[in-house]
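> what would the 3D arrangement of this be:
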Amino acid sequence: MGRVEWLRSAGFSYAEFEKRGFGFVVAEALVHYRKASRFDDELTVRVELAHVGRATLRFEYEILRGEELVTSGHTRHGCLRLSDGKAVRIPGDLSSAFGE
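As a prediction, the model looks like this:
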């Protein structure tokens, strides 16, 4: 999953985030299919953190075959406390690393 790799490259382990009692749920997903891709195509997934809110993250994606844009879209995620499923603010160390 692109966003998990993005978090890892930003210095955060999603598994460690869950061990701390937090998770991100997908609240919205939008995909624009622009070109067909086929089995065994070599594709590149680009992920960018587009927005950080108090309790939400929005990632934007592009999937490319070489330089050709195949698919684009975004996902919005809500932060929640795993013990009770309640929406909570993104922990300060994580949000500050994202520029909040």
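> could you pull out the helices in this protein for me?
2-9, 14-19, 92-97 (DSSP state H).
> output the contacting helices and strands for the longest one.
What it means is helix 2-9. For helix 2-9, the helices and strands in contact under the criterion 3 or more Cβ pairs under 8 Å, 6 or more residues apart in numbering; DSSP states H and E are helix 14-19, strand 44-52, strand 56-65. In short, each C-beta sits where N, CA and C put it, glycine included.
> contacts for the first one?
Applying Cβ atoms under 8 Å, 6 or more residues apart in numbering, the set of residues contacting helix 14-19 from outside is 4, 7, 8, 23, 24, 82, 94.
> switch the cut-off to 6 Å
Helix 14-19 has contacts (Cβ atoms under 6 Å, 6 or more residues apart in numbering) with 4, 7.
> now the end-to-end length of stretch 58-77.
6 Å (Cα to Cα, to the nearest Å).
> which positions within it qualify as buried?
Across stretch 58-77, burial judged by 16 or more other Cβ atoms under 10 Å covers 58-59, 61-65, 70-72, 74-77.
> contacts for that stretch, please.
Taking Cβ under 6 Å, 6+ apart as the rule, stretch 58-77 contacts 3, 24, 26-35, 37, 41, 43-51, 56-57.
> about what we covered before: in CSV, list the helices and strands packed on helix 2-9 along with mean pLDDT.
Output for these, formatted as CSV (pLDDT from 0 to 100):
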stretch, mean pLDDT
helix 14-19, 89
strand 44-52, 93
strand 56-65, 96
